[in-house]
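>>> just the structure for this:
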Amino acid sequence: MILFAADRHYDTHPGKALYEEIVGSYDVDFYEEDWSCFEQADLKGKYDLIMLNMISGCCDVPSPTERGENNVRAYLEAGGNFLLLHGASAAFWNCDWWRPVVGYRWVRGNDPAGFPSSTHPRRPYTLKVSKCRHPLCRKLQEVELPEDELYINMEQTCPAMTLMETTTDEGTFPQCYEASTPWGGIIISYIPGHGAHVVQLDEMVANCRTLVDYLLEVESSRTSSRRSTNVDSLADRRT
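Numbers count the residues shown, from 1 in each chain. Below you'll find the model as predicted:
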C-alpha cells in the first residue's frame, strides 16, 4: 500500500497527473491538499511507501498539523521509505528533523537554517543517467524535457548517490538521487516535473514506476528478512 500526498503546486497538479498514470498498477491512497492523511497513527504499519509531491505551506494551503508532522517523523524513524517528487525535499522544510536527511533539499526564501535560496530557471534540458553502479542506473531512462523548472543551487544535507543529472552552462546538477536515513530507510528524490504535460511524458512515467518498484521491492525484502529472523529466533528459544 502506498500513501501519495500532493499539493496543487501553483495549479499545475503534477502529483494528481502522476497518480492518474500509475493508479491502475499500484494500491494507492491519494490525497491532494488534504493533510488528514498524516493524522493516521502508525503510518509505517499501514504503508509500504510514502510518496510526496508537496511543500508545506505552499500555494496558501495550511501546513500539516503538528500531530501529522510527528506521525511522518515516526514513519521516518521506523525505517520507512520515501519517494520525493519535484519540490518535496522541502515537504516539511520547517521541521528540524526533516532537513538533514533528504540528500539535496530545495531551500526556500525564508529558510530557517539561513541558507541562500535555491533557484529554478525554466528551460528545456536533457535528463541523463549518471555514471554510477547503483542498480537503478541500468533501468532509468534518459529524458529530453520540454520547458520545465530546473532545480539548481540546492543544499546537500547528507551523503547521497546521484542517479540522474543534467549539465548546463551553470554546471552539473543532480536531478535524481538516493539517501539513506539514520534509521535504515531510503529516500529517493526525482525532481523533474513541474507541470502535468511534463509529468505524463512516457519516459517520466516509466522512471517513476521504476523508482516505485525499487522502493517497494526493498521494503518487501526487509519484511521477509524480519519474518525469517523472527522465525529463527522463535525456533532457537524452543530448542
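
>>> distance check, the spatially most central residue of the chain against Ser225.
In the chain, the residue lying closest to the centroid (Cα atoms, centre = their mean) is Leu84, at 1.4 Å. Distance from Leu84 to Ser225, counting by Cβ to Cβ, to the nearest Å: 25 Å. Yep, even glycine has a C-beta here, placed from its N, CA and C like the rest.

>>> the helices in the protein, which residues?
14-22, 43-46, 66-77, 196-199, 202-238 (DSSP state H).

>>> so for Ala5, which of those helices sits nearest?
Between Ala5 and the helices of the chain, the tightest spacing by Cβ to Cβ is seen for helix 14-22, at 7.7 Å.

>>> tell me the mean pLDDT over the closest one?
Helix 14-22 shows an average pLDDT of 98 in the prediction.

>>> for that helix, which helices and strands make contact with it?
strand 2-6, strand 28-32, strand 49-53, strand 82-85, helix 196-199, helix 202-238 (3 or more Cβ pairs under 8 Å, 6 or more residues apart in numbering; DSSP states H and E).

>>> that one vs strand 49-53, what angle?
130 degrees (axes from the mean of the first three to the mean of the last three Cα atoms, to 10 degrees).

>>> who's in contact with helix 14-22?
Outside helix 14-22, the residues that touch it by Cβ atoms under 8 Å, 6 or more residues apart in numbering are 4-9, 28, 30, 32, 53-54, 85-86, 193-196, 198-200, 205, 208-209, 212.

>>> coming back round to it: so what pairs up with the residue nearest to the centre of the chain in the strands?
Bridge pairing for Leu84 (DSSP bridges) gives the partners Leu52, Ser189.

>>> which residues touch the top strand by length along the chain?
Across the chain, the longest stretch assigned as strand under DSSP state E is strand 171-180. Contact with strand 171-180 is made by 101-104, 127, 130, 134, 136, 140, 150-152, 154, 158-167, 186-192, 207, 211, as judged by Cβ under 8 Å, 6+ apart.

>>> ok, now stretch 98-117?
55, 73, 76, 84, 87, 89-94, 96, 118, 151, 153-160, 174, 177-179, 181-182, 187, 189.

>>> returning to that earlier point: out of the contacts of strand 171-180, which are inside strands?
The members of those that map onto strands under DSSP E are 104, 127, 161-167, 186-190.

>>> turn those into a markdown table, including pLDDT and distance to Ile22.
Listed next are the ones in strands among the contacts of strand 171-180 as a markdown table, based on pLDDT from 0 to 100; distance: Cβ to Cβ, whole Å:
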| residue | pLDDT | distance to Ile22 |
| --- | --- | --- |
| Tyr104 | 98 | 24 |
| Leu127 | 98 | 19 |
| Met161 | 98 | 24 |
| Thr162 | 98 | 24 |
| Leu163 | 98 | 19 |
| Met164 | 98 | 19 |
| Glu165 | 98 | 24 |
| Thr166 | 98 | 24 |
| Thr167 | 97 | 29 |
| Ile186 | 98 | 19 |
| Ile187 | 98 | 19 |
| Ile188 | 98 | 15 |
| Ser189 | 98 | 17 |
| Tyr190 | 98 | 13 |
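
>>> can you find the helix or strand of the chain with the lowest average pLDDT?
Lowest on mean pLDDT, DSSP states H and E among the helices and strands of the chain sits helix 202-238, with a mean of 83.

>>> low pLDDT regions in this structure?
227-239 (pLDDT under 70).

>>> rerun that using 50 as the cut-off
Low-confidence segments of the chain, defined by pLDDT under 50: 231.

>>> can I get the helices and strands packed on helix 14-22 in a markdown table with distance to Arg123?
A markdown table is the format used below for the helices and strands packed on helix 14-22 (distance: least, Cβ to Cβ, whole Å):
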| stretch | distance to Arg123 |
| --- | --- |
| strand 2-6 | 24 |
| strand 28-32 | 28 |
| strand 49-53 | 21 |
| strand 82-85 | 20 |
| helix 196-199 | 12 |
| helix 202-238 | 17 |
